[in-house]
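1. next come a sequence and a model predicted from it.
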Amino acid sequence: MKYDFVSFGDITTDAFIKLKDARVNCDIQNENCMLCVKFGQKIPFESVTEVRAVGNGPNAAVSVHRLGLASAPVTDIGDDRNGSDCVETLKKEGISTEFVRVHPGKKTNYHYVLQYEAERTILIKHEEFDYQMPTFAEPPKWFYITSLPVHSLDYQLAIAAYAKKHGTKLAFQPGTYQLKLGKEKLASVYQTSEIFFCNKEESQQILSTDEHDMKKLLAGIKALGPKIVVITDGPKGSSLMDETGAWQAPMYPDPAPPKNRTGAGDATASTTVAYIIKGLEPKEALLRGLINAASVVQGIGAQACLLTASQIDEWYAKRPTDFKATAI
C-alpha cells in the first residue's frame with residue numbers, strides 16, 4: 001500500500017484522572033506553573049477515564065486518516081491485554097496496523113493524565129523496545145517523527161536517513177525525551193525536516209535561550225535545518241516561518257469552554273501536514289490545524305473530537321474575520 005503519511009511514536013493508554021482538590025502556583029510572569037496537591041495525604045478525585053491507542057504518533061495517524069489520507073503508525077506494544085486493546089481500537093478507527101510490532105515479555109505503555117480544569121499534567125514512562133525500521137513496499141510521501149524515548153536515538157537517525165535517501169518528506173514534533181537528547185544528537189533529523197513543530201517553551205529549551213521574540217525563535221529553529229517552522233504559544237496562537245516570511249495566526253475561538261487540552265498540539269501539527277499534502281500553502285494549512293485543535297479540546301482524549309475534512313470546511317466557512325495568517 002502507498003501511504004501518504006506514516007507516523008513514528010510510541011502508543012499508549014491514557015488514564016485521565018480528574019482532580020478536585022488541587023491548585024496551580026505560577027511565578028510573577030504567570031509562567032513555570034506547578035500543579036499542587038496536599039503532600040502525604042489521600043487526595044480525592046472525581047473520575048477516571050481510559051483512552052486507548054493514543055500517543056503523539058497514533059494521534060497524528062488517526063487525524064490524517066480522518067482527513068481522507070492513507071496513514072499508518074509505526075509503533076510498538078507488549079504482548080499484553082493493554083496492547084491488544086490498543087490494536088483493536090486502531091482497527092475500529094480504520095487505521096492500518098501493518099507496522100504495529102509486538103514484543104514478547106514487554107508491557108505496553110500506560111500513562112496517567114492528571115486533569116485539573118482544562119489543563120493536564122501527564123505522568124509518562126516509555127517501555128524500552130528494540131526499535132527497528134519497517135520495510136515499506138513503496139516509500140511513503142511523508143514521515144512524522146514524534147514522542148520516542150532516549151534510547152531510540154539510532155532509530156530516529158535511521159528514519160531521517162531513509163527519508164533523505166528515498167525522497168520522503170519529514171515532519172518532526174519532538175517529545176519530552178527528544179528534547180532532552182538535544183539538537184546536536186538529533187542534528188540530522190532537524191536538517192532533514194521539511195516542517196518542524198514545537199511550543200514556545202520548547203523552542204527556548206532547544207535554543208538554550210530566554211528569548212521571547214517569536215520571529216527570532218522561529219529563525220533560530222529554522223537555522224537548525226527545517227524548511228518550515230511552527231511554534232505554538234497557547235492562547236496567543238501559533239507562528240510559522242517558511243521561505244515566504246514569518247506569519248502569525250490566532251487561536252480559533254472555542255465554541256464552548258475547553259474540557260481538556262490533551263492532543264491540541266498533535267491536531268495542529270498533523271492537520272497542518274495533511275493540508276500541505278493536499279496542496280495548501282503552509283500558512284493556510286496551519287489555519288486548518290488550529291481549527292482541528294479547537295475541536296479536540298472539546299472532548300476527553302486526543303482523538304475523540306478530531307474532525308473530518310468536510311467538518312473543517314464547515315468550521316472554516318464560519319471563521320471570524322480576524323482568523324487569518326498575518327505577516328510578522
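-> It's in.

2. buried set for stretch 250-267?
-> If you call a residue buried by 16 or more other Cβ atoms under 10 Å, then stretch 250-267 has these buried ones: 250-252, 258-267. Bear in mind the C-beta positions are built from the backbone N, C-alpha and C, glycine included.

3. typed the wrong thing, it's stretch 230-237
-> Here stretch 230-237 shows 230, 231, 232, 233, 237 as buried, counting by 16+ other Cβ under 10 Å.

4. again with stretch 270-282
-> So stretch 270-282, judged by 16+ other Cβ under 10 Å, has buried residues 270, 271, 272, 273, 274, 275, 276, 277, 282.

5. tell me the secondary structure for the second one?
-> Three-state call for residue 271 (DSSP: H, G, I helix; E, B strand; the rest coil): helix.

6. on that earlier part again, dump the buried residues of stretch 270-282 into JSON lines; add distance to residue 307 and pLDDT as well.
-> Conversion of these to JSON lines gives the following (distance: Cβ to Cβ, whole Å; pLDDT from 0 to 100):
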{"residue": "270", "distance to residue 307": "12", "pLDDT": "98"}
{"residue": "271", "distance to residue 307": "8", "pLDDT": "98"}
{"residue": "272", "distance to residue 307": "13", "pLDDT": "98"}
{"residue": "273", "distance to residue 307": "15", "pLDDT": "98"}
{"residue": "274", "distance to residue 307": "11", "pLDDT": "98"}
{"residue": "275", "distance to residue 307": "12", "pLDDT": "98"}
{"residue": "276", "distance to residue 307": "17", "pLDDT": "98"}
{"residue": "277", "distance to residue 307": "16", "pLDDT": "98"}
{"residue": "282", "distance to residue 307": "19", "pLDDT": "98"}
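
7. which one of these sits closest to residue 89?
-> Nearest to residue 89, judged by Cβ to Cβ, of the buried residues of stretch 270-282 is residue 270 at 17.4 Å.

8. and the closest one, how close does it get to residue 36?
-> From residue 270 over to residue 36 the distance is 33 Å, taken as Cβ to Cβ, to the nearest Å.

9. cool, residue 131 as well?
-> Computed as Cβ to Cβ, the residue 131 to residue 36 distance reads 36 Å.

10. those two: which is more packed in?
-> residue 131 (22 against 11; other Cβ atoms under 10 Å).

11. can you pull the contacts of that one?
-> Applying Cβ atoms under 8 Å, 6 or more residues apart in numbering, one finds that residue 131 lies in contact with 76, 148, 152, 155.

12. ranges for the helices of this protein?
-> 56-66, 81-93, 153-166, 176-181, 187-192, 200-207, 214-222, 264-277, 282-296, 309-317 (DSSP state H).

13. quick check: buried residues in the third one?
-> Taking 16+ other Cβ under 10 Å as the basis for neighbour counts, the residues of helix 153-166 that come out buried are 153, 155, 156, 157, 159, 160, 162, 163.

14. longest strand in the chain, please.
-> With secondary structure taken from DSSP state E, the chain has its longest strand at strand 45-54.

15. residues in contact with the closest residue in space to residue 27 that isn't next to it in sequence?
-> Nearest residue to residue 27, sequence neighbours excluded (Cβ to Cβ, 6 or more residues apart in numbering): residue 33, at 8.0 Å. Neighbouring residues of residue 33 by Cβ under 8 Å, 6+ apart: 24, 25, 26, 27.

16. widest-spaced pair of the residues you listed?
-> It's 24 and 27 that sit farthest apart of these, by Cβ to Cβ, at 11.5 Å.

17. if you count surrounding residues, which of these two has more?
-> residue 24 (12 against 9).

18. would you quantify the distance from the residue nearest the centre of the chain to residue 192?
-> Centroid check for the chain by Cα atoms, centre = their mean gives residue 266 as the closest residue, at 2.9 Å. Distance, residue 266 to residue 192, using Cβ to Cβ: 21 Å.

19. again with residue 328
-> To residue 192, residue 328 is 26 Å away according to Cβ to Cβ.

20. distance of the closest residue to residue 89 other than its chain neighbours from residue 264?
-> Nearest residue to residue 89, sequence neighbours excluded (Cβ to Cβ, 6+ apart): residue 53, at 3.8 Å. Distance, residue 53 to residue 264, by Cβ to Cβ: 18 Å.
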